[in-house]
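*Asks:* give me a model of this one.
(one chain, ligands or ions: 1)
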Amino acid sequence: MHFYVMAKQPIITVNNLVKNYGDFAAVKGISFEVYEGEIFGLLGPNGAGKTTTLEIIETLRDKTSGSIIVDGFDIETDANQIKKRIGVQLQAAGYYPNLNLSELIVLFSGLYGIDKTPAEMLEKVALTDKAKAKYKDLSGGQKQRFSIATTLINNPRIIFLDEPTTGLDPQARRNLWDLIREIRDQGTTVVITTHYMDEAEVLCDRVAFVDGGHIIGIDTPDHFIDQLVASGFERKKQVKLANLEDVFINLTGKEWREG
Ligand SMILES: Nc1ncnc2c1ncn2[C@@H]1O[C@H](COP(=O)(O)OP(=O)(O)OP(=O)(O)O)[C@@H](O)[C@H]1O
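*Replies:* Here you go, the predicted model:
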């Protein structure tokens with residue numbers, strides 16, 4: 001039993017959040033809670049307002065109106081306290097190209113004023129043997145794991161992952177799911193966006209669907225699916241007991257491909 005089952009304490013409360021870019025309303029008054037210790041997914045089509053919402057909660061973007069409380073702190077008055085308690089994935093461009101992974105961890109730890117050993121952080125994301133490698137020389141899956149390691153340096157209460165598995169092969173995706181689950185099981189709340197519904201279904205404890213700047217549904221994946229089935233919905237095609245991804249994994253093996 002993981003942490004989520006025991007406590008349903010809100011760690012993020014978003015109330016009536018609005019974001020306008022000039023005349024364009026990207027987020028139109030959304031409200032939701034993220035519970036402590038869960039993996040919470042923001043799902044929805046391109047342009048729905050997911051990244052905008054995340055970046056506002058991460059204190060990286062100003063809101064137009066509404067209120068946000070993160071771990072008991074109001075974004076309006078205590079953004080610095082919030083920054084200390086969250087981990088945000090940096091864009092790849094933020095990594096100095098000539099430093100190796102160990103040196104990058106030392107650099108980021110220094111920025112946070114926290115004394116973390118590179119070995120400790122790299123071990124968490126199974127990159128111990130890449131300590132001397134440069135970020136640009138990593139595979140896609142390794143890059144994602146490294147960037148997740150950097151979100152954990154300040155012992156955050158919550159981490160935010162924006163499409164962390166986009167572009168990864170099936171093994172790398174599944175390995176990343178395991179890593180994200182481990183992070184949750186150690187008590188860190190995870191907020192994630194993804195366009196992969198299979199991923200959201202197996203990974204997220206709860207999901208919110210965002211469309212056109214509104215939240216149009218929020219529940220556990222199981223409840224959503226059960227409700228749809230109860231309403232009489234049936235898939236047109238006979239569902240097979242395996243899919244092409246299972247074939248891929250079966251043929252190529254389950255081991256980590258990228259070292
Ligand atoms: N800085 C900006 N200025 C003007 N419009 C913006 C800006 N940033 C985002 N938008 C617009 O706001 C809307 C929401 O964008 P956002 O990136 O939040 O969507 P998203 O749900 O994350 O989409 P995706 O799945 O494609 O990442 C889009 O129509 C986008 O074009």
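
*Asks:* partner residues bridging residue 161?
*Replies:* residue 192 (DSSP bridges).

*Asks:* swap that for residue 134, please
*Replies:* residue 100.

*Asks:* contacts only, for residue 89.
*Replies:* By C-beta atoms under 8 Å, 6 or more residues apart in numbering, the residues touching residue 89 are 147-148, 150-151, 159-162, 164. (Each C-beta comes from the backbone N, C-alpha and C, glycine too.)

*Asks:* how about it, nearest residue that isn't a chain neighbour?
*Replies:* Leaving aside its sequence neighbours, residue 89 sits nearest to residue 147 (C-beta to C-beta, 6 or more residues apart in numbering; 4.8 Å).

*Asks:* which residue ranges of the stretch 51-200 of the chain form strands?
*Replies:* Ranges of strands within the stretch 51-200 of the chain are 65-70, 73-74, 86-88, 158-162, 189-193, based on DSSP state E, counting those that start in this stretch.

*Asks:* quick one: the helices in the stretch 51-200 of the chain?
*Replies:* 79-85, 101-112, 118-124, 140-151, 170-185, 197-203 (DSSP state H, counting those that start in this stretch).

*Asks:* out of the contacts of residue 89, which two sit at the greatest distance?
*Replies:* Across those, the longest distance by C-beta to C-beta is 13.9 Å; it joins 150 and 162.

*Asks:* hang on, the earlier thing: where does the residue nearest to residue 89 land on pLDDT?
*Replies:* For residue 147, the pLDDT comes out at 91.

*Asks:* wait, it sits on residue 90?
*Replies:* Yes. Here residue 147 reaches residue 90: they are 6.4 Å apart, a contact under C-beta atoms under 8 Å.

*Asks:* compare the two (neighbour count), which wins?
*Replies:* With neighbours defined as other C-beta atoms under 10 Å, residue 147 and residue 90 compare such that residue 147 has more, 21 against 11.

*Asks:* out of the strands of the stretch 51-200 of the chain, which comes closest to the ligand?
*Replies:* With C-beta to the nearest ligand atom as the criterion, the ligand lies closest to strand 189-193 of the strands of the stretch 51-200 of the chain, at 6.5 Å.
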